[in-house]
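In: any chance you could fold what I've pasted below:
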Amino acid sequence: MTERDILRIAVQAADEKKAENIVALNMKGISLVADYFMICHGNSDKQVQAIAREIKEKAEEHDVLVKRVEGFDEARWILVDLGDVVVHVFHKEDREYYNLERLWGDAPLEQIESDLGA
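Out: Have a look, this model is predicted:
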């Protein structure tokens with residue numbers, strides 16, 4: 001399974017739980033941490049947790065190693081480490097505050113529209 005396949009699994013799982021403004025940054029050559037960052041947000045603690053839980057469960061169903069999940073109990077910024085893909089699930093206000101898209105502004109956006117449901 002490629003890192004792009006893992007990204008697709010994460011995008012679709014987030015979309016199933018109605019995550020908002022799902023974006024993927026291509027971090028190849030920019031970060032040693034991962035090839036892709038996926039960023040999305042929910043509007044409540046429960047939704048943020050549901051998104052992260054769905055991503056973790058779908059990854060495990062596809063035999064993707066979930067290295068770690070951080071911040072689940074606080075539900076403000078949950079990080080799901082899928083190895084070459086790191087997922088950031090934010091509460092809306094925290095996403096605006098940390099603004100990872102601006103921080104990693106030199107990373108090109110990965111096209112994920114075809115991975116999203118209608």
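In: for the longest helix anywhere in the chain, list every residue counted as buried.
Out: Secondary structure of the chain per DSSP state H: the longest helix is helix 45-61. For helix 45-61, burial by neighbour count (16 or more other CB atoms under 10 Å) applies to 47-56, 58-59. C-beta coordinates here come from the backbone N, C-alpha and C atoms, glycine included.
In: now for the lowest-mean-pLDDT helix or strand in the chain, which elements pack on it?
Out: Within the chain, confidence by mean pLDDT, DSSP states H and E is lowest for helix 100-103 among all helices and strands, at a mean of 90. Helix 100-103 sits against strand 20-26, strand 36-42, with contacts defined as 3 or more CB pairs under 8 Å, 6 or more residues apart in numbering; DSSP states H and E.
In: may I see the buried residues of it?
Out: residue 100.
In: what mean pLDDT does stretch 21-30 have?
Out: Stretch 21-30 carries an average pLDDT of 94.
In: please work out which residues outside it touch it.
Out: Applying CB atoms under 8 Å, 6 or more residues apart in numbering, the contact partners of stretch 21-30 are 7, 11, 14-15, 33-41, 95, 100-101, 104, 106-110, 112, 116.
In: CA atoms only for stretch 88-97, dumped as PDB, please.
Out: Included here for stretch 88-97 are C-alpha records, laid out as PDB according to Å, rounded to 0.1, in the frame of the first residue of the first chain:
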ATOM      1  CA  HIS A  88      -4.400  16.600  12.100                       C
ATOM      2  CA  VAL A  89      -8.000  16.800  13.200                       C
ATOM      3  CA  PHE A  90      -8.800  20.100  14.800                       C
ATOM      4  CA  HIS A  91     -11.600  21.800  16.600                       C
ATOM      5  CA  LYS A  92     -12.500  24.700  14.300                       C
ATOM      6  CA  GLU A  93     -11.200  27.500  16.600                       C
ATOM      7  CA  ASP A  94      -7.900  25.700  17.100                       C
ATOM      8  CA  ARG A  95      -7.400  25.100  13.400                       C
ATOM      9  CA  GLU A  96      -7.800  28.800  12.800                       C
ATOM     10  CA  TYR A  97      -5.400  29.600  15.700                       C
END
